[in-house]
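> Below is the structure, and that's it, no one-letter string:
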């Protein structure tokens with residue numbers, strides 16, 4: 001038996017929002033994996049500071065993954081749960097553990113900018129649907145990824 005979902009959003013609105021949230025989840029998972037991997041594999045004279053910066057970021061992203069997946073479920077859609085499922089949905093490329101430390105940070109900064117664009121699109125769709133809960137979650141994630149991009153950019157010496 002399937003329970004009826006009556007949240008004030010139509011089935012189409014829920015599906016549209018969930019589709020965009022699923023992209024945010026997939027990109028977030030990919031950035032999480034890359035950030036955690038670079039945390040393990042970063043090396044060089046700035047090891048300790050880069051290692052700690054990346055740990056702060058991957059811990060935040062890890063916690064957000066559950067919120068994103070649960071929001072997708074609240075909309076009545078199954079969240080992806082496999083590497084292949086995430087791989088088919090993400091626009092983030094795999095990281096290379098052989099990269100120099102600054103190249104790792106630059107790549108992560110660009111990945112956060114990609115994720116910011118994905119999140120903005122999801123926010124737009126949620127706003128159009130009148131889905132305040134999803135819009136609020138996207139606003140929170142947008143602020144986090146903008147902060148992470150800024151921190152990486154500043155660490156690399158940019159503005």
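Sure thing, it's come through. Since this is a predicted model, take the numbers as computed values, not measurements. Numbering: from 1, shown residues only.
> pLDDT weak spots in the protein?
Residues of the chain that meet the criterion pLDDT under 70 lie in 1-3, 159.
> so where's the longest helix in it?
Scanning the chain for the helix with the most residues, using DSSP state H, yields helix 11-41.
> Could you pull out the buried residues of the helix or strand in which residue 140 is found?
Using DSSP states H and E, residue 140 maps to helix 132-155. The neighbour-count check on helix 132-155 (16 or more other Cβ atoms under 10 Å) flags 134-135, 137-138, 141-142, 144-145, 148-149, 151-153, 155 as buried. Every C-beta, even on glycine, is put in place using the N, C-alpha and C of the backbone.
> same thing with stretch 62-78?
Buried, per 16+ other Cβ under 10 Å, within stretch 62-78: 64, 68, 69, 71, 72, 75, 76, 77.
> next helix or strand past the longest helix of the chain?
Tracing the chain past helix 11-41, the next element assigned as helix or strand by DSSP H and E is helix 47-74.
> Next up, the contacts around the nearest residue to residue 31 once chain neighbours are set aside.
Among residues not flanking residue 31 along the chain, residue 111 sits closest, at 5.1 Å (Cβ to Cβ, 6 or more residues apart in numbering). Residues counted as contacts of residue 111 (Cβ atoms under 8 Å, 6 or more residues apart in numbering) are 27, 30, 31, 34, 92.
> Pull the most distant pair out of these.
Pairwise distances across the contacts of residue 111 peak at 10.6 Å for 27 and 34 (criterion: Cβ to Cβ).
> if we can go back for a sec, CSV please, covering the buried residues of helix 132-155 and showing distance to residue 87.
Shown next, in CSV, are the buried residues of helix 132-155 (distance: Cβ to Cβ, whole Å):
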residue, distance to residue 87
134, 24
135, 27
137, 23
138, 23
141, 21
142, 24
144, 23
145, 20
148, 22
149, 23
151, 27
152, 24
153, 27
155, 28
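> tell me which of those residues is nearest to residue 49?
Relative to residue 49, the closest of these is residue 155; by Cβ to Cβ it sits at 7.7 Å.
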